[in-house]
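Visitor: Starting from these lines, generate the structure:
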Amino acid sequence: MIRRTRRLTLAAAVAATSTALILAGCSAPDTSDGTPAEEGGTLVISNWQWLEPGRGETLWEGISGYSAANPNVTLEKSETPYGQYADKLNTELGAGGGPDVFVILDSQFATLQEAGLLEPLDSALGDADLNNSNKDLVIDGEQLAVTWEQVPYALLGNKNVMEAAGITEMPTTIEELIAAGEQVKATGADGFAVRHQMSEFDGWLLDFQSWVHGHDGAWSDGEELTLATDENVKALEAFKTVYDSGIMPIGDDASTFRTKFKENQLGFMIDNAGAALSFTSGGQITGQDIIAAPLPFPYPGSHQKLVLAVNANSKNKDLALDFISWFVSEEGQAAVRPGLGASTLATEVALPTEFSEANPWAQTYVTLGAETSGTLIPGFETKTKSIMQFVMQAVERVVTQDQDPKAALEQAQAEATR
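Guide: Now for the predicted structure:
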């Protein structure tokens with residue numbers, strides 16, 4: 001990510017957050033009551049992941065390890081479904097309230113940091129050995145967040161379905177993926193699935209980034225938009241080729257095709273490490289039934305990034321900063337690792353041996369995490385979602401109306417620039 005110091009105008013804030021709340025210029029006053037962390041208190045921690053079946057409980061159990069380091073603290077969940085999470089948090093923070101600590105996507109981080117609503121964390125980091133994933137969270141010399149998890153994408157295979165179709169190797173190219181998908185379809189299962197509809201815009205815009213980065217594409221040069229480059233066109237052509245191949249269950253949303261994967265009704269899919277971990281909860285497969293491999297593209301794909309930040313309006317800043325200090329410690333990172341699976345964390349913490357043995361697919365994600373790219377558009381971080389609205393509308397026209405890929409992206413370029 002290119003780090004820049006720009007102040008949000010009213011229009012930019014509204015566009016970036018999809019809410020009428022004015023975040024620009026909401027720099028928070030010092031509202032802390034000055035209570036030392038060792039005296040404890042109630043610490044409210046917000047994350048939509050608390051609601052994820054199985055995984056949410058594991059994550060909260062890991063976070064609850066802070067209670068051992070500070071027995072006087074009472075930890076309280078703030079739970080909001082993913083679809084409403086960002087707007088609700090923006091509203092709370094803009095009104096001077098909200099949770100003490102929260103997990104957000106990097107796109108929301110870009111908006112909140114420009115609005116001055118994030119507390120600097122430097123005093124809490126001490127000798128923490130933060131890895132490179134935290135570098136783009138430093139703004140004007142201040143660490144305003146740390147990595148919660150950096151989640152790369154990979155090609156996943158259902159081993160049971162592959163064996164039924166006589167497939168012994170993971171596809172490494174688009175052509176091999178289509179051929180393998182056709183073999184799977186001959187058994188009665190679906191061949192391959194990925195998000196492909198505007199009804200899932202928030203997830204699709206993130207997923208599609210891997211196709212672009214996987215073909216050495218980019219949406220900007222850091223200064224100007226570059227939506228219609230040859231590399232981006234190749235990525236869109238590859239997506240349409242797979243879409244038209246007959247191996248995809250057209251119309252299935254992510255919930256549907258993920259369930260099919262768990263129930264041995266889908267051969268391959270492109271998804272992130274968090275999704276892979278969730279497949280082993282309540283399904284018919286275990287971690288031994290999942291195979292992960294690099295994406296079938298010439299270059300590495302992208303990653304989703306979630307960060308952990310402290311509310312600048314918090315009345316419990318000392319306690320919140322003490323929690324951050326624990327989180328980036330060896331103890332804290334080891335405590336949250338089981339719930340975050342194969343993601344890249346704030347420090348280089350190894351996968352537990354027991355987890356690796358139960359989930360041999362996980363190491364592929366750890367390896368890929370160091371090579372993948374972020375999903376924010378360099379130079380346009382706070383406007384990424386607005387720009388991607390035009391891009392994904394172009395992708396939809398190509399796959400559903402057969403518009404020429406080059407022409408579609410040129411139209412998106414003109415619309416986004418205007």
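
Visitor: Break down the stretch 251-400 of the chain into its strands, ranges please.
Guide: 266-272, 290-293, 303-310 (DSSP state E, counting those that start in this stretch).

Visitor: how much distance is there from the helix ranked longest in the chain to the middle of the chain?
Guide: Looking across the chain with DSSP state H, the single longest helix is helix 384-401. Mean C-alpha position of helix 384-401 versus that of the full chain (Cα atoms, centre = their mean, to the nearest Å) differs by 19 Å.

Visitor: packing partners for that helix?
Guide: Secondary-structure packing of helix 384-401 (3 or more Cβ pairs under 8 Å, 6 or more residues apart in numbering; DSSP states H and E): helix 10-17, helix 106-114, helix 201-213, helix 230-244, helix 405-417. Just so you know, the C-beta spots here come from the backbone N, C-alpha and C atoms, and that holds for glycine as well.

Visitor: angle of it against helix 106-114?
Guide: 150 degrees (axes from the mean of the first three to the mean of the last three Cα atoms, to 10 degrees).

Visitor: coming back round to it: between the strands of the stretch 251-400 of the chain, which one is closest to residue 224.
Guide: strand 303-310 (23.8 Å; Cβ to Cβ).

Visitor: what about residue 387, distance to residue 304?
Guide: With distances taken as Cβ to Cβ, to the nearest Å, residue 387 is found 17 Å from residue 304.

Visitor: related to what we said a few turns ago, may I see the buried residues of the longest helix of the chain?
Guide: Neighbour-count burial for helix 384-401 flags 384-399 (criterion: 16 or more other Cβ atoms under 10 Å).

Visitor: next helix or strand past the longest strand along the chain?
Guide: For the chain, the longest strand by residue count, based on DSSP state E, is strand 146-158. Next helix or strand after strand 146-158 toward the C-terminus (DSSP states H and E): helix 159-164.

Visitor: rewinding a little: residue 310 is nearest to which of the helices and strands packed on helix 384-401?
Guide: Of these, nearest to residue 310 by Cβ to Cβ is helix 106-114, at 11.0 Å.

Visitor: Quick one: mean pLDDT over the closest one.
Guide: Here helix 106-114 scores 91 as its mean pLDDT.

Visitor: With stretch 141-154 instead?
Guide: For stretch 141-154, the per-residue pLDDT averages 95.

Visitor: For the most centrally placed residue in the chain, list each beta-bridge partner.
Guide: Taking Cα atoms, centre = their mean, the centroid of the chain lies closest to residue 304, which sits 2.7 Å from it. For residue 304, the beta-bridge assignment (DSSP bridges) gives partners residue 151.

Visitor: State the distance from it to residue 356.
Guide: Residue 304 is 22 Å from residue 356, by Cβ to Cβ.

Visitor: Could you pull up the contacting residues of the residue nearest to the centre of the chain?
Guide: By Cβ atoms under 8 Å, 6 or more residues apart in numbering, residue 304 lies in contact with 105, 150, 151, 206, 272, 375.

Visitor: closest one to residue 322 among the helices and strands packed on helix 384-401?
Guide: Among the helices and strands packed on helix 384-401, helix 106-114 comes nearest to residue 322, with 21.4 Å by Cβ to Cβ.

Visitor: who's in contact with the following helix or strand past the closest one?
Guide: Per DSSP H and E, the first helix or strand lying C-terminal to helix 106-114 is helix 122-125. Residues outside helix 122-125 that contact it (Cβ under 8 Å, 6+ apart): 142, 143, 146, 321, 322, 324, 325, 328.

Visitor: From the residues you listed, which land in helices?
Guide: Counting by DSSP H, the contacts of helix 122-125 contribute 321, 322, 324, 325 to helices.

Visitor: Distance of the closest residue to residue 205 other than its chain neighbours relative to residue 81?
Guide: Residue nearest to residue 205 in three dimensions, not counting chain neighbours: residue 388, with 4.2 Å by Cβ to Cβ, 6 or more residues apart in numbering. Using Cβ to Cβ, residue 388 is found at 21 Å from residue 81.
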